[in-house]
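Novice: Generate a structure from the sequence data that follows.
(one chain, ligands or ions: 2)
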Amino acid sequence: MQRITILGATGSIGVSTLDVVARHPDRYQVYALTAHSRVKELAEQCLRFHPEVAVVGSADAAQALSAILKEKGCKTEVAHGETALCDTASAAECDAVMAAIVGAAGLPPTLAAARAGKKILLANKEALVMSGQLFMDAVSASGAPLLPIDSEHNAIFQCLPHGYGRAPAHHGVSKVLLTASGGPFLKRELDTLHDVTPEEAVAHPNWVMGRKISVDSSTMMNKGLEVIEAHWLFGASAEQIEVVIHPQSVIHSMVSYVDGSVLAQLGNPDMRTPIAYGLAYPERIASGVGAVDLVKIAQLSFFQPDFQRFPCLRLAYDALLAGGTAPAILNAANEVAVQAFLDGRIGFRAIDQLIARVMDALPGTGIASLAELLDQDRLAREKALSFIQ
Ligand code: NAD
Ligand code: MG
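Specialist: Ligands and ions are numbered 1, 2, ... in the order given. Just a heads-up that it's a prediction; the model follows:
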């Protein structure tokens, strides 16, 4: 029996994870569930899955959750705040952690899980983008099994040989090919992009996801973050990571080998497939997702990304090449810009402009400690906010 902590249980990935877990009560037990502020949803999950611990963002939310659970006779212990999050991610009672908090807020508990040697199912790409070296060092030091849940990275993981070990040259890997749908604005007239509304930006053609990642997909910053994520997960250089637009989202990514072979993983666009793969690895279990119907899909197409349409993708490659804290600065500026866009405070095109300004303004440093990294993250957020006001 594997005991699981789900960080970000009320989100899109969290809910899909619970869906897979519920299909296999003989294999998985929920140890802890966490959410930021959606108390009602978290309470319903606690009543159904009976975790030992539930963590929320504030004392008020904790009080509200406790009241609901007490009334229903549920014995789940309620805690709040970052220390409690880190404790549930590293607790002795927990074997595996689904890291599905959105944004930089997910870094401390995910890092705590890595340091404690837990099996990590990594959905929270921002945590890895921010802390790259630090995070991978923690994983190597503790021997924590790290399983990518992001569909592209999960696909690449499936296409790499067993025991790959982040060394492309040793295994004849020439490139990893990250596929991208191109999002909702792939074909929209360039000079109308400034008019884009948040509702249009979050309406992804193939995937149903949280609002932040949906906006990231529309700017292709999501793919940019995934390029950096692939660098850390697979030891591939920026030149070895190629983005290919594939609007059908059937091929989730590919690995190209020196002998000319290209291996791909195909599937319906449903995150329960990579989640089930991560949960059961190296076994395979039912996820609730059916096989792709290739005849119905009929055609798969591919083309190169256009950096003029998607400047965020270029900015992410720049940050990867700059190294040090540049990816953390890129990520922080993007989080502030996306939130401002969703709140109606800036236009769509201002997202990439704001990130570029912050990156120009902050030189970045080499990465040393977590404290320094968080300091750079804070500085980038302050800078971005100062450019908005
Ligand atoms: P979401 O917005 O649906 O859910 C986010 C979860 O994080 C919620 O449970 C929320 O309560 C929690 N949360 C938010 N802010 C928090 C904070 N400050 N402190 C603690 N908890 C907080 O997001 P999502 O779409 O499920 O994405 C989660 C992560 O997975 C993101 O990093 C995203 O990039 C990654 N991811 C998502 C998908 C997808 O299909 N949704 C695919 C690949 C990767
Ligand atoms: Mg992805």
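Novice: My understanding was that Val78 contacts Val56; is that so?
Specialist: Yes - contact criterion C-beta atoms under 8 Å: Val78 and Val56 qualify, at 7.2 Å. C-beta: built from backbone N, CA, C; applies to glycine.
Novice: Can you list the residue ranges for helices in the stretch 201-350 of the chain?
Specialist: 211-219, 221-234, 272-280, 294-297, 311-322, 326-342, 350-361 (DSSP state H, counting those that start in this stretch).
Novice: Closest residue of this protein to ligand 1?
Specialist: Gly11 (1.9 Å; C-beta to the nearest ligand atom).
Novice: show me what contacts the residue in the stretch 51-200 of the chain that ligand 2 sits nearest to?
Specialist: Relative to ligand 2, the nearest point of the stretch 51-200 of the chain is Asp150 (4.2 Å; C-beta to the ion). Shown in contact with Asp150 (C-beta atoms under 8 Å, 6 or more residues apart in numbering): Leu122, Ala123, Lys125, Glu226, Glu229, Pro274.
Novice: and which of those is nearest Glu52?
Specialist: Ala123 (22.2 Å; C-beta to C-beta).
Novice: before we move on, the earlier item: and the pLDDT for the residue of the chain closest to ligand 1?
Specialist: Here the pLDDT value assigned to Gly11 is 97.
Novice: again, but for His162
Specialist: In this model, His162 carries a pLDDT of 89.
Novice: returning to what we had before: find the residue closest to the residue of the chain closest to ligand 1 in space, skipping its chain neighbours.
Specialist: Gly210 (5.4 Å; C-beta to C-beta, 6 or more residues apart in numbering).
Novice: dump the residue contacts of the one you found.
Specialist: Gly11, Ser12, Ile13, Val102.
Novice: that older thread, Val78 and Val56 - which one has more neighbours?
Specialist: Val56 (27 against 24; other C-beta atoms under 10 Å).
Novice: which residues sit in contact with the more buried one?
Specialist: Val56 touches Thr34, Ala35, His36, Ser37, Val39, Leu42, Ala62, Leu65, Val78, Ala79, His80, counting by C-beta under 8 Å, 6+ apart.
Novice: if we can go back for a sec, of all the helices of the stretch 201-350 of the chain, which one is nearest Tyr257?
Specialist: helix 221-234 (13.3 Å).
Novice: that older thread, show me what contacts the residue of the chain closest to ligand 1?
Specialist: Counting by C-beta under 8 Å, 6+ apart, Gly11 has contacts Ala35, Ala100, Ile101, Val102, Gly210.
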